[in-house]
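Asks: Starting from these lines, generate the structure:
(2 chains)
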There are 2 protein chains.
Amino acid sequence: MKAINVGLCGVGTVGGGTATVLKRNGNEIARRAGRPIVITMAANRDLDRARELVGDDVLLTDNAMDVVNNPDIDIVVELIGGTTVAKDLVLAAIANGKHVVTANKKLIAEYGNEIFALAQEKGVMVAFEAAVAGGIPVIKALREGLTANQIEWVAGIINGTSNFILTEMRDKGSAFADVLAEAQRLGYAEADPTFDIEGHDAAHKLTIMSAIAFGIPVQFDKAYLEGISKLDAADIKYAAELGYRIKLLGMTRRRPNGIELRVSPTLIPAGRLIANVDGVMNAVLVKGDAVGATMYYGPGAGAEPTASSVIADLVDITRLHTADPEHRVPHLAFQPSQIANLPILPIDEVETCYYLRLTAKDLPGVLADVTGILAEGQISVDAMLQKPAAAAGGTAEIIIVTHIAIEKNINIAIAKIENLASTHGKVVKLRLEHLNG
Amino acid sequence: MKAINVGLCGVGTVGGGTATVLKRNGNEIARRAGRPIVITMAANRDLDRARELVGDDVLLTDNAMDVVNNPDIDIVVELIGGTTVAKDLVLAAIANGKHVVTANKKLIAEYGNEIFALAQEKGVMVAFEAAVAGGIPVIKALREGLTANQIEWVAGIINGTSNFILTEMRDKGSAFADVLAEAQRLGYAEADPTFDIEGHDAAHKLTIMSAIAFGIPVQFDKAYLEGISKLDAADIKYAAELGYRIKLLGMTRRRPNGIELRVSPTLIPAGRLIANVDGVMNAVLVKGDAVGATMYYGPGAGAEPTASSVIADLVDITRLHTADPEHRVPHLAFQPSQIANLPILPIDEVETCYYLRLTAKDLPGVLADVTGILAEGQISVDAMLQKPAAAAGGTAEIIIVTHIAIEKNINIAIAKIENLASTHGKVVKLRLEHLNG
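Replies: A predicted model of the protein is given here:
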């Protein structure tokens, strides 16, 4: 049977992995797909490096547009990253009637609506399994495996760098900066780690899952982001004493009046399976009204894990590329005419549980003051812990875990607590999710 | 758009759940599928019970063949179970050109080859996500999400009843019989629990996953089955001391000369995520050569979780039912012409690690004797534990964990150990899997 010709744009880590796996498993993949899938052309700035990674039988160019404009190419794989060249070339490929596979979470989270609209108009598929949670086929699970369900929420540990750092901070009791330096030495964190540790990467992935789970447009600009760089090792320790672990958690939840979409360091009960996902691994926990909770776990990055998802998309497209568009799975799981304009709720309107830590100067007075303030704000207390203060001048640290409350009310209460004569400094606030199945 | 008409054969727990979810989430499902999916006819022996569960607007019959022969029905859902009526009606539905969705693991594991051959000939789809691991979309993950990979092995905790019993035995230190009685009282075990506790149910599911993972025919008759009814609480305790948990594990592994396909109580390192899957929950861990290890976790049974998978299959078929058969995903993941006739290896040829427990009468002599026998059989020892014997007359129990060995050699060694004058009674043998990602 005629081979499917793939044009690879960007031959770096994932591009090299894709070429390697397509060659090594070409026979196994063709046994599944019904025809060979072959990289016949590749674009890369460094042609020598590309030649090394893709082999001798691939046409090379240093201009990705050559790939997009080659009439022999059936599917364009975009692995350049970013939203400049990558966006232009994806839109050009679609305009040329080519199907696209991309691992570019930023591109899909920020420009997905425009890209999918053009793809719909041109009758082509844009597949992006590799953009979320690396090798874990979680887009497929959400988009096809759970179609019976009203999705209630999706919670994900979807940034390996942050999860590695948090795991090391917990296991070794180390400070953030020390562990970050170690992660950089091991190659788990970039020289400029901002994108990973401040939650941008996780928020891109969460934005995509949120759209697919709830049938809404991608709305990255409305996502709330809070990273792990300000996390104090003390809070990891206190959380453990209270029976929780702290993870950089992406959480998107359906509420009657909109959708919560937020990434932040979050306490999770230590007994939950997802709380035990450690190191660079990723996991996504999905709550559907019919199925309950299901979880998808695996490597969230790396050359061959990500290539695994890129190639799964190539196989899907190979099976469907001559089928009528009505037979395809919609890009965002819901039919384009059925995408709902549910608003993303501002962070003030989020409802969840909270972990608060404050430093008390005058212990007898402070408990009455603080509990009074919480009661005023309709915030009820689930657990409380008192520790000798680390900070100079303080007599004690008080840790409070609340039941579900509105973030706005928590912030008002915190402002009042910080203004008390009996407290010292800022209140630490972390979100807490029980993730009940 | 024209609705898809579903004929439901068997209105019990899962049938009722399917009707409930299709009604409750009908709008959400149609937003995804592009058209409504509606049960228009149902067959059940007890018509009153069926009427209660499916509502007033469904045509009822007590003869499932009426559904199969109704020209208005697009998809037949078989939820009768067993391999008599169910098999006849599935084959008749296919012969009538109807697509089929089934939750019947026994039917697919034992008669899948015949069923898929007829479906191929008639150009219809037979979908069976609900047959394996209830609500977890693991068939989809294996068949579509991991198509880039040579699958190396699939390991599953895929019988909720057994996992509940083993979890309780571990947590409470109770004997098998006591926990079984409790499980029966709670409704987690049938009055006749044989099918669950002796490994048949798990082996049916594993047989199906093995076929899809490796591109081989279903070969349930070649599966090796060993249940949990003879498991001694002492071994759960000793395993824990050595850092392992015992699970009823389905394991299918690719070997150069064939496929291992076996279900048995198996030790797993306690630190592995899958070792922490407790109670009635299911999980499947898959090792692919490109992606590494990914895991799929969720409820393995129950009305709505199983309905979630039935309906996901209905949506898939709805999308593809008018497409050319070449656009569909092959029933066993590989193209029918590409199914390989790899043999299932006899249990004697299995290679894995082992846990052995023997009772020593004469301690000084026995260690030399036993280690000599193991060395003769090329079996090397990974760990050893000595305990005061519980059995009368013995002086000590010796627990040995081996490195990888051939089962045949282990059995020969065990026979020799049991014949030693220095040992007493039978040697307990359990398999042990490290499940390294």
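Asks: Number of residues surrounding residue A:82?
Replies: Neighbourhood size, residue A:82 [other CB atoms under 10 Å in any protein chain shown]: 11. Every residue, glycine included, has its C-beta placed from N, CA and C.
Asks: nope, residue A:193 is what I meant
Replies: Applying other CB under 10 Å, we find 18 residues neighbouring residue A:193.
Asks: and it, how far is that from residue A:164?
Replies: Residue A:193 sits 11 Å away from residue A:164, going by CB to CB, to the nearest Å.
Asks: swap in residue A:174?
Replies: Here the criterion is CB to CB. By it, residue A:174 lies 12 Å from residue A:164.
Asks: ok, now residue A:303?
Replies: Applying CB to CB to residue A:303 and residue A:164 gives a distance of 17 Å.
Asks: Who has more neighbours out of those two?
Replies: Taking other CB under 10 Å, residue A:303 and residue A:164 do not tie; residue A:164 has more neighbours (22 against 19).
Asks: and the more buried one, what is it in contact with?
Replies: Counting by CB atoms under 8 Å, 6 or more residues apart in numbering or on different chains, residue A:164 touches A:183, A:188, A:189, A:279, A:280.
Asks: got any residues that touch both of residue A:193 and residue A:164?
Replies: Common neighbours of residue A:193 and residue A:164, using CB under 8 Å, 6+ apart, are residue A:183.
Asks: hang on, residue A:42 in a helix?
Replies: No - assessed with DSSP: H, G, I helix; E, B strand; the rest coil, residue A:42 is strand; it does not lie in a helix.
Asks: pretty sure it is touching residue A:66, no?
Replies: No - the pair residue A:42 and residue A:66 fails to qualify as a contact (CB atoms under 8 Å) at a distance of 10.1 Å.
Asks: higher neighbour count, these two?
Replies: Ranked by neighbour count (other CB under 10 Å), residue A:42 and residue A:66 place residue A:42 first, with 28 against 16.
Asks: That one and residue A:302: what is the separation?
Replies: 20 Å.
Asks: picking that back up, which of the contacts of residue A:164 scores worst on pLDDT?
Replies: Among the contacts of residue A:164, residue A:188 carries the lowest pLDDT, at 88.
Asks: and it, how many neighbours does it have?
Replies: Residues near residue A:188, counting by other CB under 10 Å, number 22.
Asks: cool, and residue A:36?
Replies: Using other CB under 10 Å, residue A:36 is surrounded by 16 other residues.
Asks: Could you do residue A:195 as well?
Replies: Burial of residue A:195 is recorded as 16 neighbouring residues (other CB under 10 Å).
Asks: for the one 4 residues further on, same thing?
Replies: Burial of residue A:199, expressed as a neighbour count using other CB under 10 Å, amounts to 27.
Asks: which secondary element of chain A has the worst mean pLDDT?
Replies: Using mean pLDDT, DSSP states H and E, helix A:363-376 stands out as the lowest-scoring helix or strand of chain A, at a mean of 90.
Asks: Touching it from outside, list them.
Replies: A:358, A:360, A:380-381, A:386, A:395-396, A:398, A:400, A:402, A:413, A:416-417, A:420, A:422-423.
Asks: Give the next helix or strand downstream of it.
Replies: strand A:381-387 (DSSP states H and E).
Asks: looking only at pLDDT, what's the mean for that following strand?
Replies: The average pLDDT within strand A:381-387 is 94.
Asks: what's the spacing between residue A:46 and chain B?
Replies: Going from residue A:46 to chain B by CB to the nearest CB, to the nearest Å gives 24 Å.
Asks: Check the stretch 301-437 of chain A for the residue nearest chain B and tell me.
Replies: For the stretch 301-437 of chain A, the residue closest to chain B is residue A:311, as judged by CB to the nearest CB, at 3.4 Å.
Asks: What pLDDT is listed against that residue?
Replies: Residue-level confidence at residue A:311 comes out at 98, pLDDT.
Asks: check which helix or strand covers it.
Replies: Residue A:311 belongs to helix A:303-320, assigned by DSSP H and E.
Asks: Mind listing what's buried along the helix or strand immediately after that helix in the chain?
Replies: Under the assignment DSSP H and E, the closest C-terminal helix or strand after helix A:303-320 is strand A:351-360. Within strand A:351-360, the residues scored as buried using 16 or more other CB atoms under 10 Å in any protein chain shown are A:352, A:353, A:354, A:355, A:356, A:357, A:358, A:359, A:360.
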